[in-house]
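>>> Fold the stuff below for me.
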Amino acid sequence: MHPTIRVIDLETTGSRPPDDGVVEIGWQDVGDTGPGWRLTPERGARYVNPERPIPSRTAAVHHIIDADVAGSPPWLVVSPPILAAPGLVALAAHRIEFERRWCIDALTGGLPWICTYKCALRLWPELPSHSNQGMRYERMPAGLDRALGLPAHRAGPDAYVTAHHLRDMLKEAGLDQLIAWSREPALLVRVPFGPHRGRRWTDLDDAALDAILERNSDRDVRFTARHERDRRQNADPAPAPQAVLL
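Residues are numbered from 1 along each chain as shown. I've put the predicted structure just below:
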């Protein structure tokens with residue numbers, strides 16, 4: 001079997017399990033079929049019974065309502081054969097912290113994850129947006145069938161779009177590098193909040209960096225501030241590519 005990465009996308013009742021549950025799972029495989037990584041025909045989406053009502057605020061995003069999922073199997077029945085299928089070497093998602101709230105190691109067999117958001121910040125710093133759909137229309141990935149990528153904010157189409165970004169990332173950086181970047185916090189470029197909001201990290205003076213490290217507890221912010229401080233103190237690593245933070 002060819003090594004395969006399965007891109008996962010979830011639609012849910014909210015953002016906080018166990019109070020919130022999954023209502024739909026979508027997937028799209030990217031395989032090293034030789035030569036190179038490419039999308040495979042293996043894709044799909046399944047409704048999941050969240051075993052609680054779907055709030056109107058989340059239905060307004062994905063347009064899945066209680067009647068759609070009535071009679072569907074629950075998460076612990078639907079997910080294992082999708083998340084731990086034979087031949088998978090990794091799972092991927094755009095902003096994996098969300099999917100991993102439900103796709104726990106007990107269901108995935110401990111497979112490594114690739115975060116296409118974190119990797120996009122590293123590889124494509126010039127993009128004005130690093131959202132899944134923003135990159136879709138800015139980059140216009142080769143071979144992306146517009147119809148298969150719609151409607152947005154549904155699990156199957158979103159996984160299909162993410163898979164095109166992943167395929168292109170694998171051409172620029174190896175599998176191991178993407179996994180390594182995904183295990184680290186996001187390397188931000190513009191300060192996301194506070195008195196320096198919107199400024200590039202490279203434009204901050206040392207005092208501002210020190211103040212952020214002293215007062216801010218956000219994981220991504222602290223990681224980026226330390227990276228910038230270390231860059232100034234050492235010839236290596238070289239300055240990270242600059243990216244626009246959403």
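
>>> Next up, the contacts around the residue most central in space within the chain.
With distances taken as C-alpha atoms, centre = their mean, residue 94 lies nearest the centre of the chain, 1.6 Å away. Residue 94 makes contact with 9, 115-117, 131-132, 158, 162, 165, according to C-beta atoms under 8 Å, 6 or more residues apart in numbering. Quick note: C-beta positions are derived from backbone N, CA and C, even for glycine.

>>> Identify the farthest-apart pair in these.
For those, the maximum inter-member distance is 14.5 Å, found between 115 and 158 (C-beta to C-beta).

>>> Comparing these two, which shows the higher neighbour count?
Neighbours were counted for residue 115 and for residue 158 using other C-beta atoms under 10 Å; residue 158 has more, 29 against 24.

>>> pretty sure that one is touching residue 9, no?
Yes - contact between residue 158 and residue 9 holds when scored by C-beta atoms under 8 Å: they sit 4.2 Å apart.

>>> Common neighbours of those two, please.
26, 94.

>>> average pLDDT across the top helix by length along the chain?
Counting residues, the longest helix found in the chain (DSSP state H) is helix 155-172. Averaged across helix 155-172, the pLDDT comes to 98.

>>> Who are the contact partners of residue 43?
26-29, 156, 159-160, 163.

>>> so residue 130 touches residue 120, yeah?
Yes - the pair residue 130 / residue 120 is scored as a contact, 4.8 Å apart, by C-beta under 8 Å.

>>> Show me which residues of the longest helix of the chain are buried.
Neighbour counts over helix 155-172 (16 or more other C-beta atoms under 10 Å) mark 155-170 as buried.
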